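coordinates for the following, if possible.
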Amino acid sequence: MPIFRTTGTTSSPLLLRTTTSSSSSSSSSPPPADDEADVVQRLNLKRQFERWAFLQDLLELDVESNADDVNEVVSIVLRSYRHQPLTPAPKTKRERESAAPRISEATREVMNRLLTSRSYDGSGSVGATTTTNGGVLRVFEGEDCLVTNCDIINDLESLLPSDDEDHDAYMSLWDIVIALHGMENVKMSQKEGNKEWDARCVVARFLIHYDFLTEGIIETPSD
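Numbers count the residues shown, from 1 in each chain. Coordinates of the predicted model:
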């Protein structure tokens, strides 16, 4: 269990989310054309506010999250970093303290395993639609966003910094989760030992670590 601490991130104006702003945004924008109906367009994920809201909803079990959308976002992020150059081992203090994700041979091996697993649908089919971004890793399924395979969650968690390897990076991820979900809510979720929330939290931390919240989705050619 992480050691909770209070940071400046909890006062972020992004926490002041209202249903009015999100509804007005969706009502004023025309629906995307069929050939543009990917998750980035549909959920307006080029805006950091919407990416913050996406992660908030993912961490809240009482809020219905679309499993297909979550699967597609995870898949795009995985593919984008799978093609990034390998990162040399940090040598300086600044490099060691950098929050940027490091791509090692082991990291790429896990990403390749996920993107070639039997849970990966290379056709790009998501429910009744077809994505424009390539295949989809089936992390969750159904209206309740239930885990399809615990091995997938374990692999995604292995792509995150551990407390032993990089305590600061590990704690930074939990700081952002606390800012998103609230300290008391996080404590309660961990105390209850809800495996579905644990899985959602792993996916949220994976997306945070790989710059989904700060930089958005890096567009790469389809595999």
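
only alpha carbons, please: show the helix or strand hosting Trp52 as PDB.
Taking DSSP states H and E as the criterion, Trp52 maps to helix 48-59. Written as PDB, here are the backbone C-alpha positions of helix 48-59 (Å, rounded to 0.1, in the frame of the first residue of the first chain):
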ATOM      1  CA  GLN A  48      -6.300  17.800 -21.200                       C
ATOM      2  CA  PHE A  49      -9.600  18.400 -19.300                       C
ATOM      3  CA  GLU A  50     -11.300  15.500 -21.100                       C
ATOM      4  CA  ARG A  51      -8.300  13.200 -20.500                       C
ATOM      5  CA  TRP A  52      -8.500  14.100 -16.700                       C
ATOM      6  CA  ALA A  53     -12.200  13.400 -16.800                       C
ATOM      7  CA  PHE A  54     -11.600  10.100 -18.600                       C
ATOM      8  CA  LEU A  55      -9.300   8.900 -15.900                       C
ATOM      9  CA  GLN A  56     -11.600  10.100 -13.100                       C
ATOM     10  CA  ASP A  57     -14.400   8.100 -14.600                       C
ATOM     11  CA  LEU A  58     -12.100   5.000 -14.900                       C
ATOM     12  CA  LEU A  59     -11.300   5.200 -11.200                       C
END
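
give me the helices and strands touching that helix, please.
If you count contacts as 3 or more C-beta pairs under 8 Å, 6 or more residues apart in numbering; DSSP states H and E, helix 48-59 packs onto helix 19-28, helix 67-82, helix 167-181, helix 195-209. Bear in mind the C-beta positions are built from the backbone N, C-alpha and C, glycine included.

shaky segments in the chain?
1-37, 87-100, 122-134, 219-223 (pLDDT under 70).

so Leu114 touches Leu137, yeah?
Yes. Contact criterion C-beta atoms under 8 Å: Leu114 and Leu137 qualify, at 5.9 Å.

what residues are shared contacts of those two?
Leu78, Tyr120, Ile152 (C-beta atoms under 8 Å, 6 or more residues apart in numbering).

circling back to that earlier point, TSV for the helices and strands packed on helix 48-59, including distance to Gly142 and mean neighbour count?
Putting the helices and strands packed on helix 48-59 into TSV (distance: least, C-beta to C-beta, whole Å; neighbours: other C-beta atoms under 10 Å) gives the following:
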stretch	distance to Gly142	mean neighbour count
helix 19-28	23	10
helix 67-82	6	22
helix 167-181	22	19
helix 195-209	11	21
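
if I look at Glu215, how far off is Leu45?
Per C-beta to C-beta, to the nearest Å, Glu215 is found 11 Å from Leu45.

who's more crowded, these two?
Leu45 (20 against 11; other C-beta atoms under 10 Å).
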